[in-house]
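[1] Structure here, sequence nowhere to be found:
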């Protein structure tokens, strides 16, 4: 019979909670295969076409047939959609309070909300320049925390490559740091 669901699709529909009578109602409405659900569009429309279907079963069937619902449909079903934020690449947020800085913000200015320095100015262990952000604007080295600066300079002097120094520091245990600090102090004294 044209418009009848194949055996596999009929079995899947039954697993989703649809009875034989509801399958017959779908077929009489002109839905005879998985591809026809794309024309239906969403679970609410499916429930309107076949009133015997509960919204939960209609949602299960549509999720199987056309994929997960889009964000607006999820919001209509009671799940809040996450807003999409598109920010300018030059936008700066305060590292202390998270407040967005004004457009006329310059590197080194204080935060307009909390009064602290909005972004940290760090020194580069590789080329000794300083600046904001996570990477040096002169040589491209990843900045290390201020407390690890001396250790990073020592690892540089020992011949470790520029990209390996921050990785090595992050992977060090407290005992390894103590040993390295001992070597740094020995060279200073």
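    Looks like it arrived, so ask away. Fair warning: this is a prediction, and the values are worked out from it, not measured in the lab.

[2] Low-confidence stretches in this protein?
    Applying pLDDT under 70 to the chain flags residues 1-3, 68-79.

[3] Domain-wise, how is it divided?
    What automatic domain parsing lists as the domains of the chain is 7-76, 90-119, 121-188.

[4] Could you export those to TSV, including columns for mean neighbour count?
    For glycine as for every other residue, the C-beta is placed from the backbone atoms N, C-alpha and C. Formatted as TSV, the domains of the chain follow (neighbours: other Cβ atoms under 10 Å):
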stretch	mean neighbour count
domain 7-76	16
domain 90-119	14
domain 121-188	15
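
[5] now the ones you listed as TSV including distance to residue 82?
    Shown next, in TSV, are the domains of the chain (distance: least, Cβ to Cβ, whole Å):
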stretch	distance to residue 82
domain 7-76	8
domain 90-119	17
domain 121-188	25
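
[6] Tell me which of the ones you listed lies nearest to residue 84.
    domain 7-76 (8.8 Å; Cβ to Cβ).

[7] end-to-end on stretch 131-148?
    With Cα to Cα, to the nearest Å as the measure, stretch 131-148 spans 16 Å from end to end.

[8] Just the residues contacting it, thanks.
    Residues from elsewhere that reach stretch 131-148 (Cβ atoms under 8 Å, 6 or more residues apart in numbering): 107-108, 119-127, 129, 151-152, 162-163, 165-166, 169.

[9] And stretch 15-32, by the same measure?
    Contacts for stretch 15-32 (Cβ under 8 Å, 6+ apart): 2-5, 10, 13-14, 36-37, 40, 49-50, 52-54, 56-57, 60-61, 64.
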